[in-house]
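Chemist: Sequence and computational prediction follow.
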Amino acid sequence: MQDIEKGRDAIIDDADPLEIELDNGKKMSVTPIAMTEMNGKQYLAVIVEDTEEFLIYISIDHGETIELLNIEDEKEYELVAEYFENMINDDLEDEDYDDDEKEEKNN
């Protein structure tokens with residue numbers, strides 16, 4: 001198993017949509033949903049507008065702008081995708097638990 005050096009994790013709530021340009025020149029609207037740092041790299045997960053598909057990019061902060069790079073290494077992509085999937089699912093389970101708890105208090 002590969003050692004993973006993790007840093008900050010964050011689920012992003014209520015983010016504004018971004019327009020990104022793909023390698024083929026087409027533009028697409030996405031919304032950031034989560035970020036994490038692993039092995040010294042920042043990763044950003046975005047959900048494609050009007051779908052449930054999410055994409056993952058290496059994110060480089062240049063102060064005023066953020067550069068998104070494709071993850072070229074398949075193993076790296078799979079590792080980060082699995083990590084994001086678990087992180088997002090854990091957050092959704094926590095939200096469900098909080099909703100159930102609030103409902104019980106109201107009854």
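Modeler: Everything's here; your move.
Chemist: pLDDT averaged over the longest strand belonging to the chain - what is it?
Modeler: For the chain, the longest strand by residue count, based on DSSP state E, is strand 27-38. Strand 27-38 carries an average pLDDT of 92.
Chemist: Quick check: can you name the pairing partners of it and their directions?
Modeler: Sheet pairing of strand 27-38 (DSSP bridges) gives strand 6-11 (antiparallel), strand 18-21 (antiparallel), strand 41-48 (antiparallel).
Chemist: From Glu64, how far out is the residue nearest in space to the middle of the chain?
Modeler: Most central in the chain under C-alpha atoms, centre = their mean is Ala45, positioned 2.4 Å from the mean C-alpha point. For Ala45, the distance to Glu64 equals 22 Å [C-beta to C-beta, to the nearest Å]. Where you see a C-beta, it was placed from the backbone N, CA and C, and this is true even at glycine.
Chemist: circling back to that earlier point, how far does the longest strand of the chain sit from the chain's center?
Modeler: Offset of strand 27-38 from its chain centre (C-alpha atoms, centre = their mean, to the nearest Å): 5 Å.
Chemist: That's all I had, so thanks and see you.
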